[in-house]
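> using only what follows, build the 3D model:
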Amino acid sequence: MDTKKIKLPLLISLLLMLFLSSCQDSRLVTYIANIPVTQSLEEWRQTEFSLETARPLERPGKIYVYGNYLFVNEYLQGVHFFDNANPANPVNLGFLPVLANVDIAVKDNKMYLDSYFDLLTFEITDPLNPFLTDREEDVFTFSDYAYFPSYNPNLPMANLDQNPGIVTGWIQDETTEQVANSSGYNYSQLDMMIFSGGISTEASFGTSFLSGPGKAGSTSRFAIYGSNLYALEPWELGIFTIEGETEFLRKIPMQRNAETLYPAKEMLFIGTTTGMITYSLNNPSNPTFLSEYLHWTGCDPVVVEGDRAYVTLATGRTCNGNFDVLQVLDISDISTPNLIKEYDMFNPKGLGTDGELLFICDGSDGLKIYDRTNDLTIDKNQLGHFANINTSDVIPWNGVLIMTASEGIYQYNYTNPANVTLLSLIPVN
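Predicted structure coming up:
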């Protein structure tokens with residue numbers, strides 16, 4: 001037998017087996033997914049802005065009141081402009097599309113909006129003709145909530161790395177990719193959390209504006225004091241000067257996962273998931289740490305009235321709290337804030353005060369109004385309860401309470417606390 005004739009076929013067979021084995025280490029899979037529609041940073045920063053035709057609310061986010069005007073964030077999409085000179089009949093003036101916008105602040109006819117990594121400044125002296133005057137680039141850290149506009153939560157995401165840039169939207173389509181057999185993924189029975197876990201799924205024109213800033217709700221991450229704008233991110237506080245042109249100054253690291261900003265008494269009160277932090281604004285361009293009050297984990301808006309701070313802690317949402325309560329703090333000695341009283345609530349979110357009145361958005365248990373005169377008996381002095389509304393945040397403003405809810409924007413007349421009346425509802429489409 002000629003052994004030389006056997007060796008070549010045997011070698012070919014071994015190579016073929018090796019090749020087939022290596023091919024079986026991965027496989028092609030085809031499935032329906034969310035596929036990003038992207039735009040380069042350069043293209044995105046060339047966007048031209050103008051007020052578009054009014055559109056209905058879809059997913060209202062943060063609210064801001066300024067003079068006779070009400071601005072409502074459409075979550076991650078832009079800002080609705082309302083003439084609110086008559087709160088019983090607010091007039092929808094138009095919509096300013098700004099991708100990835102979440103927060104709003106206004107002072108001296110200048111509107112400040114976040115958009116992805118940038119801070120945008122708009123001149124709004126004529127609210128029907130807002131125009132961009134400044135863009136501070138790369139002042140915000142990349143954030144999932146800003147990067148992912150509306151998508152189908154029942155489908156996985158695909159082609160993320162293949163499409164660099166700004167995600168401006170999503171399409172649902174078929175996609176094919178090479179998947180390692182060792183991955184264990186079964187796309188016909190895929191756990192969607194593999195793809196989506198951790199991703200967060202609020203007149204006479206030109207004559208009613210005021211000098212100075214307007215007012216935000218308690219869940220705002222923007223605050224204005226003097227000639228400075230403060231923009232809060234989870235682990236740092238950005239500081240801008242807005243005297244003349246907008247200019248980024250610096251960032252201050254936060255010791256805790258920060259959520260909300262509330263300026264009062266020449267201080268910044270910062271709500272975090274594990275406590276309230278206070279900074280002095282004696283030097284507004286460089287706030288300095290004063291004190292902190294620690295509490296268990298919970299979403300934590302803070303408002304201040306006189307020598308009292310009011311804090312709501314809630315379960316659910318992104319901060320994984322275990323208790324639903326209102327806490328009343330004595331801040332007469334700001335170096336040592338002390339808990340005076342704690343009240344059980346249903347699922348409290350935003351809140352506000354006006355004099356002796358305390359307004360609480362208690363989640364799906366609605367709006368609750370209290371006389372806060374006696375810190376120890378607030379729960380015994382409920383003045384009103386508007387139930388069956390899924391509430392989020394409030395702004396008390398000159399006898400009118402403006403409230404965000406999943407149903408839309410409610411406005412109430414509270415000049416007579418014993419008879420609070422509904423003025424209007426701007427409904428969600």
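
> next one: the closest residue to Asn374 other than its chain neighbours relative to Leu351, how far apart?
Leaving aside its chain neighbours, Asn374 sits nearest to Asn381 (7.0 Å; criterion: CB to CB, 6 or more residues apart in numbering). In short, each C-beta sits where N, CA and C put it, glycine included. For Asn381, the distance to Leu351 (CB to CB, to the nearest Å) stands at 16 Å.

> so for these two, which residue has more residues nearby?
More crowded of Asn381 and Leu351, by other CB atoms under 10 Å: Leu351, with 25 against 14.

> what about whichever helix or strand Tyr343 is part of, distance to the chain center?
Per DSSP states H and E, Tyr343 falls inside strand 338-344. Its chain's C-alpha centre and that of strand 338-344 lie 27 Å apart, by CA atoms, centre = their mean, to the nearest Å.

> in it, which residues are buried?
Residues of strand 338-344 classed as buried by neighbour count (16 or more other CB atoms under 10 Å): Tyr343.

> neighbouring strands - and their directions - for it?
In the sheet, strand 338-344 lines up against strand 325-330 (antiparallel) (DSSP bridges).

> neighbouring contacts of the strand it pairs with?
Here strand 325-330 makes contact (CB atoms under 8 Å, 6 or more residues apart in numbering) with 276, 293, 295, 298, 307-313, 337-345, 348, 351, 360, 375, 378.

> likewise for stretch 371-382?
The contact list for stretch 371-382 (CB under 8 Å, 6+ apart) reads 305, 308, 310, 326, 328, 340-341, 343, 353, 356-358, 368-370, 383, 417.

> in ChimeraX, select just the buried ones from the residues you listed.
Selection of the buried residues among the contacts of stretch 371-382 in ChimeraX, burial being defined by 16+ other CB under 10 Å:
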select :305,308,310,326,328,343,353,357,358,368,369,370,383
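
> the contacts of stretch 371-382 in strands, which ones?
Secondary structure defined by DSSP state E assigns 305, 308, 310, 326, 328, 340-341, 343, 353, 357-358, 368-370, 383 of those to strands.

> how long is stretch 413-425 end to end?
12 Å (CA to CA, to the nearest Å).

> before we move on, what about stretch 330-348?
End-to-end for stretch 330-348, by CA to CA: 20 Å.

> what mean pLDDT does it have?
In this model, stretch 330-348 has a mean pLDDT of 96.

> ok, now stretch 367-376?
The average of the pLDDT scores along stretch 367-376 is 97.

> name the residues of that stretch that come out as buried.
Quick answer for stretch 367-376 (16+ other CB under 10 Å): Leu367, Lys368, Ile369, Tyr370, Asp371, Arg372.

> how far does that stretch stretch from start to finish?
One end of stretch 367-376 to the other measures 21 Å (CA to CA).

> do a quick rundown of the helices in the stretch 151-300 of the chain.
193-196 (DSSP state H, counting those that start in this stretch).

> the strands in it, which residues?
According to DSSP state E, counting those that start in this stretch, the stretch 151-300 of the chain carries its strands in the segments 166-180, 215-216, 222-225, 228-233, 236-241, 247-253, 258-264, 267-272, 275-280, 288-294.

> one more: the stretch 1-150 of the chain?
Ranges of strands in the stretch 1-150 of the chain, per DSSP E, counting those that start in this stretch, are 26-39, 60-66, 69-74, 78-83, 91-97, 104-107, 110-115, 118-123, 131-136.

> for Asp333, find the nearest of those.
Closest of these to Asp333 is strand 104-107, at 30.0 Å (criterion: CB to CB).

> which other helices and strands contact that closest one?
Packing contacts for strand 104-107, counted by 3 or more CB pairs under 8 Å, 6 or more residues apart in numbering; DSSP states H and E, involve strand 60-66, strand 69-74, strand 110-115, strand 222-225.

> ignoring the adjacent residues along the chain, who's closest to Gln327?
The shortest distance from Gln327 to any non-neighbouring residue, by CB to CB, 6+ apart, is to Val311 (4.4 Å).

> roughly how far apart are the one you found and Lys62?
From Val311 over to Lys62 the distance is 19 Å, taken as CB to CB.

> next one: Val400
Here the criterion is CB to CB. By it, Val400 lies 18 Å from Lys62.

> of the two, who's got more company?
Neighbour count, other CB under 10 Å: between Val400 and Lys62, Lys62 has more, with 25 against 19.

> shaky segments in the stretch 251-400 of the chain?
The model of the stretch 251-400 of the chain has pLDDT under 70 over residues 296-299, 317-321.

> beta-bridge partners for Val428, please?
Beta bridges link Val428 to Leu57, judged by DSSP bridges.

> who touches it in this structure?
Residues near Val428 by CB under 8 Å, 6+ apart: Pro56, Leu57, Glu58, Arg59, Pro60, Ser406, Glu407, Gly408.

> can you tell me which of the residues you listed are buried?
With neighbours counted by 16+ other CB under 10 Å, the contacts of Val428 contain buried members at Leu57, Pro60, Glu407, Gly408.
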